[in-house]
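> Sequence and predicted model, in that order:
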Amino acid sequence: MLNFELQNPVKIIFGKGEIAKLTNQIPTDANILMLYGRGSIKKNGIYEQVTTALQGHNYTEFGGIPANPEYEVLMDALAIIKSEKIDFLLAVGGGSVIDGTKFLASAALYEGDEPWDILDKGIRTEVGMPFGNVLTLPATGTEMNSGSVVSRRELGEKRGMGGPGLFPKFSILDPTVVASIPQRQLANGVTDAFTHVMEQYMTYPIGADLQDRFAESIMSSLVATAPKLMKDASDYTTAANFMWCCTMALNGLIQKGVPNDWAIHAIGHELTALYGIDHARTLAIIAPRHYHHFLDNKKEKLAQYGERVWNITEGSTEEKAKAAIAKTEIFFHSMDIPTRLSDYTDQYQGTAEKVSETLRERGWVALGEHKAVTPEAVKVIVEGSY
């Protein structure tokens, strides 16, 4: 097992009816900006619960943060933070709203002239404006980590950021919100969480047995939960298991002491930037091709995953590994997640070259746990997704 440090200061408030506890989580003298998406919270009762809990607090609202939070929209919110002297942010939404709020928490205290530099130059946020979350869409795990991804439409780019100043002060997770989520987003949530685990797990053996079994338990739970969730998202037990799996998949715990990959995400972000494809679906497109391309490097862990998650017991290590990749793709298909780029756009020719060259221009020339995911390898992987 590798050396590591682990610190996660996020307070989790989990369970039915817990949104009411919001009133005690924010200082009464705070000047709050409440951020949300395009209005779904006003249709499913969450808005009413949140505003009721905020009675007695001073708050301003900013709605309209889109999926894949856009820099241009966030800059409008930043102007409100400056003009209204906001000192606490409250995200009410899924990964996009929370990621956007994290950017604002950093940008609000940034002393430079151009907030885009935080993303473009990878500036680490040591101190950010305090913020909390009410999670409405489980998927990304951003409610319990310090990472964020923001898109800039005019540049066709999607960039990540992070730092210890971007941990939420608290996150409220009420599984009853899952009942109102559309099927497409439920499938995206399962796929996103599942792929998060694989990025931290699917590398090579390093003797971290407990970490492996943590990761495998999350994946096994998602496999068992997904069909129940797609059938009846209003079942509380199912919704609670789904929500907690998504949080545990990316809160820092399972990545400690083990090598990580994250090349799938780097490539997937480019497909989102180019075509607006849902983040989770880009991961489903790239993951099978990525694992096939690096089969020699990953076959031991792939075979272990096949045995422990999919009960694949016959064949050689390589045969088990290939069967595990096939099972993974079938799992995505079972939730109506297509896994070919050509399923999403008819403009896919030349995409491999674009993505490869973009990563090269950014200096991302050696991704993955072995630093073997070169722009040349990316080209082959993306071409294989057509």
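Done, it's in. Because the structure is predicted, anything quoted here is derived from the model rather than measured. Residues are numbered from 1 along each chain as shown.
> Show me the shaky parts of the stretch 1-150 of the chain.
By pLDDT under 70, the stretch 1-150 of the chain has no low-scoring segment.
> Helices along that one, start to end?
Assigned by DSSP state H, counting those that start in this stretch, the helices in the stretch 1-150 of the chain fall at 46-53, 71-83, 95-107, 116-120.
> So for residue 165, which of the ones you listed sits nearest?
Taking C-beta to C-beta, helix 95-107 is the member of the helices of the stretch 1-150 of the chain nearest to residue 165, at 6.9 Å. Bear in mind the C-beta positions are built from the backbone N, C-alpha and C, glycine included.
> C-alpha coordinates for that closest one, PDB please?
Output of helix 95-107 as PDB, limited to C-alpha atoms (Å, rounded to 0.1, in the frame of the first residue of the first chain):
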ATOM      1  CA  GLY A  95     -23.000  18.000  -9.300                       C
ATOM      2  CA  SER A  96     -23.200  20.900 -11.700                       C
ATOM      3  CA  VAL A  97     -24.600  23.300  -9.200                       C
ATOM      4  CA  ILE A  98     -22.200  22.200  -6.400                       C
ATOM      5  CA  ASP A  99     -19.200  22.300  -8.800                       C
ATOM      6  CA  GLY A 100     -20.300  25.800  -9.900                       C
ATOM      7  CA  THR A 101     -20.600  26.900  -6.300                       C
ATOM      8  CA  LYS A 102     -17.100  25.600  -5.600                       C
ATOM      9  CA  PHE A 103     -15.700  27.700  -8.400                       C
ATOM     10  CA  LEU A 104     -17.500  30.800  -7.000                       C
ATOM     11  CA  ALA A 105     -16.200  30.000  -3.500                       C
ATOM     12  CA  SER A 106     -12.700  30.300  -5.000                       C
ATOM     13  CA  ALA A 107     -13.300  33.100  -7.400                       C
END
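> just the angle between it and helix 71-83, please?
Interaxial angle of helix 95-107 relative to helix 71-83 (axes from the mean of the first three to the mean of the last three C-alpha atoms, to 10 degrees): 50 degrees.
> how much distance is there from helix 95-107 to the middle of the chain?
The chain centre lies 13 Å from the centre of helix 95-107; the measure is C-alpha atoms, centre = their mean, to the nearest Å.
> pretty sure residue 96 is touching residue 35, no?
No. Residue 96 is beyond contact range of residue 35, at 10.3 Å (criterion: C-beta atoms under 8 Å).
> between these two, what contacts are shared?
In terms of C-beta atoms under 8 Å, 6 or more residues apart in numbering, residue 96 and residue 35 are both contacted by the residues residue 65.
> Neighbour count: these two, which is higher?
residue 35 (28 against 25; other C-beta atoms under 10 Å).
> quick one: contacts for that one?
61-63, 65, 77, 89-93, 97, 100-101, 104.
> Once you drop chain neighbours, what's closest to residue 370?
Nearest residue to residue 370 in three dimensions, chain neighbours excluded: residue 297, at 5.9 Å (C-beta to C-beta, 6 or more residues apart in numbering).
> Which among the contacts of residue 35 count as buried?
The neighbour-count test (16 or more other C-beta atoms under 10 Å) marks 62-63, 65, 77, 89-93, 97, 100-101, 104 as buried among the contacts of residue 35.
> contacting residues around stretch 12-26?
11, 32, 46, 49-50, 52-57, 88, 90, 132, 134, 144, 169-176, 236, 240, 243-244, 247.
> mind redoing it with 6 Å?
49, 53, 88, 132, 134, 170, 171, 172, 173, 174, 176 (C-beta atoms under 6 Å, 6 or more residues apart in numbering).
> ok, back up a step: among the helices of the stretch 1-150 of the chain, which comes closest to residue 195?
helix 95-107 (13.2 Å).
> and that closest one, what does it pack onto?
Counting contacts by 3 or more C-beta pairs under 6 Å, 6 or more residues apart in numbering; DSSP states H and E, helix 95-107 packs against strand 31-36, helix 71-83, strand 88-93, strand 131-135, strand 147-152.
> strands paired with the first one, and their directions?
Which is strand 31-36. With DSSP bridges as the test, strand 31-36 is paired with strand 58-62 (parallel), strand 88-93 (parallel).
> Between those strands, which one is closest to residue 108.
So among the strands paired with strand 31-36, strand 88-93 is nearest, using C-beta to C-beta, at 7.9 Å.
> and the angle from the closest one to helix 46-53?
Going by the same axes, to 10 degrees, strand 88-93 makes 150 degrees with helix 46-53.
> any idea of the mean pLDDT for stretch 199-211?
Averaged across stretch 199-211, pLDDT comes to 97.
> burial count for residue 371?
Residue 371 has 10 nearby residues by other C-beta under 10 Å.
> and it, what pLDDT?
Reported pLDDT for residue 371: 96.
> one step back: how about the helices and strands packed on helix 95-107, which one is nearest residue 268?
Set against residue 268 and scored by C-beta to C-beta, those come closest in strand 147-152, at 10.4 Å.
> next helix or strand past that closest one?
Counting by DSSP states H and E, the next helix or strand C-terminal to strand 147-152 is strand 157-162.
> quick one: strands adjacent to that next one?
strand 147-152 (antiparallel).
> Just the buried positions in the strand it pairs with, please.
Those would be 147, 148, 149, 150, 151, 152, for strand 147-152 by 16+ other C-beta under 10 Å.
> Next: stretch 308-315.
In stretch 308-315, counting by 16+ other C-beta under 10 Å, buried: 308, 309, 310, 312.
> In JSON lines: the buried ones among the contacts of residue 35, plus distance to residue 267.
Formatted as JSON lines, the buried ones among the contacts of residue 35 follow (distance: C-beta to C-beta, whole Å):
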{"residue": "62", "distance to residue 267": "32"}
{"residue": "63", "distance to residue 267": "32"}
{"residue": "65", "distance to residue 267": "25"}
{"residue": "77", "distance to residue 267": "29"}
{"residue": "89", "distance to residue 267": "31"}
{"residue": "90", "distance to residue 267": "33"}
{"residue": "91", "distance to residue 267": "27"}
{"residue": "92", "distance to residue 267": "31"}
{"residue": "93", "distance to residue 267": "26"}
{"residue": "97", "distance to residue 267": "25"}
{"residue": "100", "distance to residue 267": "23"}
{"residue": "101", "distance to residue 267": "26"}
{"residue": "104", "distance to residue 267": "27"}
